[in-house]
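Engineer: fold the following and give me the result.
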Amino acid sequence: MEPTAHVSKTALPGVGTRYDLKTDAGAHLSVVVHQDGRRILAFHDPEDDDACKDAAALAPHEATALSKLLVPDPVAHLHQHIEIDLVTEHIPVTKRSPYAGRLLADTQARTRTGASIVAVLRRTAAFPSPTPDFRFAIGDTLVVVGTREGVDAVAELITGG
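Structural biologist: Numbering: from 1, shown residues only. Down below sits the predicted model:
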């Protein structure tokens with residue numbers, strides 16, 4: 001079970017609300033949220049809750065920026081261990097394409113390139129996750145996801161280049 005922080009809330013009539021947090025390390029922080037949107041971030045003496053050691057006034061946009069910095073990214077650890085360089089491209093099916101009028105399965109795009117055709121955009125509709133029996137038409141736009149090399153290979157395959 002992940003530890004939780006206890007935040008106390010005190011109404012400050014005519015001013016706003018004060019939120020206090022005592023950290024596991026023994027620090028006492030408070031944020032005063034003024035009725036006009038300003039925030040005051042304050043650091044208190046752990047021995048005396050009323051003795052403020054330092055404070056910083058924050059405009060609403062500064063408080064927003066600070067809050068974004070303080071919220072942990074739940075998937076940050078994934079970014080540290082996984083480097084996926086995926087791109088998405090729209091590739092048109094032109095009359096020069098050797099696959100105009102043919103089935104998706106005929107391309108063997110995933111097997112040959114490692115990239116996937118994840119959707120087909122047609123003038124009248126979008127077809128997400130097309131099945132192998134999906135038939136391409138001139139004017140279709142293929143939405144392809146994969147590595148840069150894989151997507152470029154699908155583009156060359158579809159355009160006949």
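Engineer: buried stuff in the helix or strand where Glu62 lies?
Structural biologist: For Glu62, the enclosing helix or strand under DSSP states H and E is helix 60-70. The neighbour-count check on helix 60-70 (16 or more other Cβ atoms under 10 Å) flags Ala63 as buried. Where C-beta positions appear, they are placed from N, C-alpha and C, glycine not excepted.
Engineer: next secondary structure after the worst-scoring helix or strand of the chain on mean pLDDT?
Structural biologist: Using mean pLDDT, DSSP states H and E, helix 76-81 stands out as the lowest-scoring helix or strand of the chain, at a mean of 62. Using DSSP H and E, the helix or strand that follows helix 76-81 in sequence is strand 87-92.
Engineer: what is that next one packed up against?
Structural biologist: strand 141-146, helix 148-159 (3 or more Cβ pairs under 8 Å, 6 or more residues apart in numbering; DSSP states H and E).
Engineer: now, of those, which is deepest in the fold?
Structural biologist: strand 141-146 (a mean of 20; mean count of other Cβ atoms under 10 Å).
Engineer: for that strand, what is the average pLDDT?
Structural biologist: The predicted model assigns strand 141-146 a mean pLDDT of 95.
Engineer: mind checking how far it is from the chain centre?
Structural biologist: Computed by Cα atoms, centre = their mean, to the nearest Å, the chain-centroid distance of strand 141-146 equals 20 Å.
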